[in-house]
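K.L.:
How does the following fold in three dimensions:
(one chain, ligands or ions: 1)
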Amino acid sequence: MMTFVADAWPGVHDMLWRACDPHLYALAGFEGYHPSCNENFRIAAARMGWNIQEVPDPVDWFQNTPVEGDDLQLGSGRGPTNAGDHVILRAEIDLNVIATACAFDVRGSKINGDRCTGIRLEVSDTPFAPEGN
Ligand SMILES: [Zn+2]
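P.N.:
Modelled structure (predicted):
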């Protein structure tokens, strides 16, 4: 459905962690309501008239969550992202895309670094041309 055209950052991306949800925040010791990618996805899907049963596993862009130890647990490492780091994807078919900036800010977690920040999405119907072309 999409082609991964460019990856302009020195780190890794994650495809192992599920979208964060209230249960994950409770396990992490957070008390009370906390926004989550799972909820954000469900809200966005409902607005598009998409009645989903399960939130699909996300691609966690810029998230450094390595598999660690003999028991192969998912860890969390600080990602060396900087403003302007980006990925470029090309849609090969018409599709709907839902993106959420993860709000996982549980104290002690390295996911999202020291603070959560916004993301910028750009959608263009102009074919991508790498710089210099
Ligand atoms: Zn999240």
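K.L.:
switch to C-alpha atoms for all contacts and neighbour counts from now on
P.N.:
Fine.
K.L.:
What distance do you get for the residue lying closest to residue 15 once chain neighbours are set aside to residue 14?
P.N.:
Distances taken as Cα to Cα, 6 or more residues apart in numbering place residue 59 nearest to residue 15, at 5.0 Å, with adjacent residues excluded. Applying Cα to Cα, to the nearest Å, the value for residue 59 to residue 14 is 6 Å.
K.L.:
List the residues that contact the residue nearest to residue 15.
P.N.:
13-15 (Cα atoms under 8 Å, 6 or more residues apart in numbering).
K.L.:
would residue 26 count as being in a strand?
P.N.:
No: secondary structure assignment (DSSP: H, G, I helix; E, B strand; the rest coil) places residue 26 in helix, not in a strand.
K.L.:
count of residues packed around it?
P.N.:
13 (other Cα atoms under 10 Å).
K.L.:
On the C-terminal side of the helix ranked longest in the chain, identify the next helix or strand.
P.N.:
Ranked by residue count, the top helix of the chain under DSSP state H comes out as helix 37-47. Downstream of helix 37-47, the first helix or strand assigned by DSSP states H and E is strand 67-68.
K.L.:
and that next one, which strands flank it?
P.N.:
strand 73-74 (antiparallel) (DSSP bridges).
K.L.:
Determine how far the strand it pairs with lies from the middle of the whole chain.
P.N.:
Put simply, strand 73-74 sits 17 Å off its chain's centre (Cα atoms, centre = their mean, to the nearest Å).
K.L.:
what does the following helix or strand past it rub up against?
P.N.:
Next in sequence after strand 73-74, counting helices and strands by DSSP H and E, comes strand 86-91. For strand 86-91, the external contacting residues (Cα under 8 Å, 6+ apart) are 1-9, 128.
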